[in-house]
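Novice: sequence? don't have it. structure:
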């Protein structure tokens, strides 16, 4: 202060706030702290010059417990202390000082410093500080001029704001406009009269006073209008929304439990409630038409949702007593059921416990900030717990023979090593994905991962080239892996357009992406002549990828069959199905596993009755036709999303695919080992781990649930700095932000399909060990995913159940997030942590749900295609 | 017979608890400035060494696993060497698992490794004492209905409690309380210690209450 080399000095004293949080306002410590502050101010006042203004303001008050952030009187009121050596108030300070809104500090300090008032200010200047040291008239004139400036600024802001947003009511804006223009008119008239010196002081004074009053009125009303439409909490609506989400979660859970129970369930529990809901929506809409009231769409849809949920629970409750009666008629069964239910609950406890921890973590700002580490930790714990539980249940050990029982020893099955390797690989993937994290500003010592910056920002040419080659090689590796997976399951044999696309289109996509990366990463040091070419290429290559990927997805939708059928009915005599039941002959078909659908065979047999030779249709890749379609779709989506991210994040995407693969395999193995009877239901731990991986890779693709961390440059991949609409960039940035949500949600049906795909080798091994005689029969029945077609209603039930489980887990996370934002709306960190987290989580929920539906509908599309394929075969 | 056995177990476990408490208190008398939080690494070493010595001594005195035949000196030496190798391997394994769970890879390697040693002391060393270097027996003990004596039941409980404690110990690390015990690996090692102590106390009580249900298969 003494040096005098300053225009404005800002000091922030955190001690009072800390002390309030810790002890509350009435604690002796607080008295001590406030005394200290007083001492500080006293010593500061001693050092002030005559032309200095001292403003001491608290930014908030506190409740009885020392908290703040809410809107109670105690919290929003704070002291304002204004001090100056020269007198500020002409006739002594007022007895009962008025309350000054905090926003008034901004225009006051700005004008006192002689800088323009900030654009978006809606505060009002504090007139007393502009009275100067002249007589009353000159003081009033000066105040009038500052009010005029202030009013003009507020008017300008309101005008441009109302052009962009429509939330301020029009009639009030109109009124404000009239107030402003009349005041300005009066102002200019008065100024002209003052310059002409036609007014005597008393009259002038009164007119000045009234004009100031009009400006004040304008400013205050403008602020009131803004406050009314901006700063609102609707506790009732909040509670209603939370209840709605909670009820939806419950509905998902109940429905997923019920889905397996019976088939009349669909109509009574799902269709009728939908009708109820739409009826309520229509009624509300009619009410709106008749009463001419402004009923908002949000309210209508939430009432409709509530009505349909009520309908669901009503129907469910109606069915409930029936079941209870049924159970009551068989008492011994009931007691067994109880015990089984208890055991099932215990089995549920561990994945649900992990989910509970995950949801609990949403309620603490530190855990939300550290969620990038929480999700992988919980994922690792879940998988380890799964292995531990399998061990505890003795599923990993060989069933004890009499000899071993004697010794008290047990040894592991051979498969355990495979499972352990998978788990280790998964953990390594989880750990490695931590190297791609973005930072939040709450953790100052954090350094963002160097993989997040685009290659163009690298100085070192050698490192740049190396990374570029690595990324391209990984991309090629991904294509190779997908193709070899498809080839292994025989989905790469036919000459359908889709298969041709997988064979030739995938490498082409990779080529385009590689070219785009090359051009984009070396854009700045290119030669002048090539500049135009480069600019064309930067746009053209992404468009080529978009085009190719959409062509691929269209092909997938049109004809998702990747099956190669070999009809031997005509020349049946020559090839008497050498591959039937003889595993070794698989080699003849280049690792292609022939899939024979038995029913086909039988129908053919009946048709060609009398023929001694067996006539068959061999279909290659029929057993994995569903997963093949999903894998192709996922790969295409992966290409698109990788294009939207910076080059080196393709490593993270590769990890994502690898981790998903590991999770699927672990799930399959664990299921095999646990020996669950129900092959059509996906256990909870699989769904929860799948979702944990999704949220883990949200962070590992360089995202954080805060606005500064959004990758805005994704909007300009394939566009050269111009967008005609807002929709396209929104889609691009959204796809970039929720990349992992999209991939995992689309891939969700794989959780159901994978165990069927992997069925072949395991059951073969087991059977060949034990019952060599039955082997032939068993091998014939390796139908993989065709098992799903054998019981179509079970298949659709399983898909529904999987979707409901996925939605339940997603919804529970969302519910926790919403509740956190609602309960902690007075928390210090609400706008910094909880509200952005809530926004990202709800958007992610919407994206995930849509993609889940898309994934499931893709599976159903494949199902339709398979049905028509069979009917065609039968006709032939 | 069983009651006496449980009483012996209780005494042994209480001794272990006592030793853990002593490691936190006694060194401060000899070494100025020793605190569990301040000189955490030293405490980790002291605690590991004390608990392992006590365990070995208890094992020698109480002999919970009665080996059916006398073994020669050379066999004893080979058993001892095997135990040392197993212990070392478990330290490495724990270290790897802890790093995979998110511990820093390069910085604070010493802390992580000492934490792994502590965890091994609480888990592997117990197994080595009770079961010997016999992996198949370990596999048996850590499955449902696998315990064959109260010592093995106690082993199950203490091991699980230690690991659970270490797991829960990771929870406070991200909180913004700025406490000295939130630094890696203090909260985890404290959690493991508390878990171990809790397991030691719970084990005899649990066995006592469930002694009717617990029927051990005889060998």
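Specialist: Everything's here; your move. Everything numeric in this text was worked out from a predicted model, so none of it was measured.

Novice: Tell me the residue of chain B that sits nearest chain A?
Specialist: Closest to chain A within chain B is residue B:174: 3.5 Å, counting by Cβ to the nearest Cβ. Heads up, the C-betas are built off the backbone N, CA and C, glycines and all.

Novice: for the residue sitting furthest away from the middle of chain B, what are its contacts?
Specialist: No residue in chain B sits farther from the centre than residue B:176, which is 30.3 Å out by Cα atoms, centre = their mean. For residue B:176, the contact set (Cβ atoms under 8 Å, 6 or more residues apart in numbering or on different chains) comprises A:365-366, A:369.

Novice: cutoff 10 Å now
Specialist: Neighbouring residues of residue B:176 by Cβ atoms under 10 Å, 6 or more residues apart in numbering or on different chains: A:364-366, A:369-370, A:442-443, A:829, B:182.

Novice: between these, which has the most around it?
Specialist: residue A:369 (25 neighbours; other Cβ atoms under 10 Å in any protein chain shown).

Novice: Give me the secondary structure label for the closest residue to chain B within the stretch 451-600 of chain A.
Specialist: At 16.0 Å from chain B, residue A:451 is the closest residue in the stretch 451-600 of chain A, using Cβ to the nearest Cβ. Assigned state for residue A:451: coil (three-state reduction, DSSP: H, G, I helix; E, B strand; the rest coil).

Novice: okay, now residue A:191: neighbour count?
Specialist: Residue A:191 - counted by other Cβ under 10 Å - has 15 other residues nearby.

Novice: check contacts around the residue of chain B closest to chain A.
Specialist: Neighbouring residues of residue B:174 by Cβ under 10 Å, 6+ apart: A:361, A:364, A:366-374, A:377, A:443, B:182.

Novice: related to what we said a few turns ago, do I have it right that the residue of the stretch 451-600 of chain A closest to chain B meets residue A:653?
Specialist: No - if you go by Cβ atoms under 10 Å, residue A:451 and residue A:653 don't touch, sitting 11.4 Å apart.

Novice: Give me the more crowded residue out of these two.
Specialist: Neighbour count, other Cβ under 10 Å: between residue A:451 and residue A:653, residue A:653 has more, with 24 against 20.

Novice: What's the separation between the closest residue to residue A:653 other than its chain neighbours and chain B?
Specialist: Excluding its sequence neighbours, the residue lying closest to residue A:653 (Cβ to Cβ, 6 or more residues apart in numbering or on different chains) is residue A:642, at 5.2 Å. Separation of residue A:642 from chain B (Cβ to the nearest Cβ, to the nearest Å): 26 Å.

Novice: Give me the phi and psi angles of residue A:642.
Specialist: phi -60, psi -40 (degrees, to the nearest 10).

Novice: One more: the one 3 residues further on?
Specialist: When quoted as degrees, to the nearest 10, the phi and psi of residue A:645 stand at phi -100, psi 170.

Novice: Contact partners for it?
Specialist: A:436, A:451-452, A:454, A:652-653, A:701-703, A:711, A:713-714, A:717, A:735-736, A:739.

Novice: Buried among the residues you listed? Need that as a selection in ChimeraX.
Specialist: Filtering the contacts of residue A:645 down to the buried ones (16 or more other Cβ atoms under 10 Å in any protein chain shown) takes a single ChimeraX command:
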select /A:436,451,452,454,652,653,701,702,703,711,714,717,735,736,739
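
Novice: Can you check which helix is longest in chain B?
Specialist: helix B:73-100 (DSSP state H).

Novice: Check which residues of that helix are buried.
Specialist: B:79, B:83, B:86-87, B:90-91, B:94-95, B:97-100.

Novice: Please apply the same query to stretch A:339-348.
Specialist: Those would be residue A:347, for stretch A:339-348 by 16+ other Cβ under 10 Å.

Novice: Residues in contact with that stretch: which ones?
Specialist: Against stretch A:339-348 from outside (Cβ under 10 Å, 6+ apart): A:337, A:352, A:389, A:393, A:674, A:683-685.

Novice: could you pick out which of the residues you listed are near chain B?
Specialist: Among those, the ones lying near chain B by Cβ under 10 Å from any Cβ of the partner chain are A:389, A:393.

Novice: okay if I get the contacts of stretch A:339-348 as JSON lines plus secondary structure and neighbour count?
Specialist: Output for the contacts of stretch A:339-348, formatted as JSON lines (DSSP: H, G, I helix; E, B strand; the rest coil; neighbours: other Cβ atoms under 10 Å in any protein chain shown):
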{"residue": "A:337", "secondary structure": "helix", "neighbour count": "13"}
{"residue": "A:352", "secondary structure": "helix", "neighbour count": "16"}
{"residue": "A:389", "secondary structure": "helix", "neighbour count": "17"}
{"residue": "A:393", "secondary structure": "coil", "neighbour count": "15"}
{"residue": "A:674", "secondary structure": "helix", "neighbour count": "16"}
{"residue": "A:683", "secondary structure": "coil", "neighbour count": "20"}
{"residue": "A:684", "secondary structure": "helix", "neighbour count": "19"}
{"residue": "A:685", "secondary structure": "helix", "neighbour count": "23"}
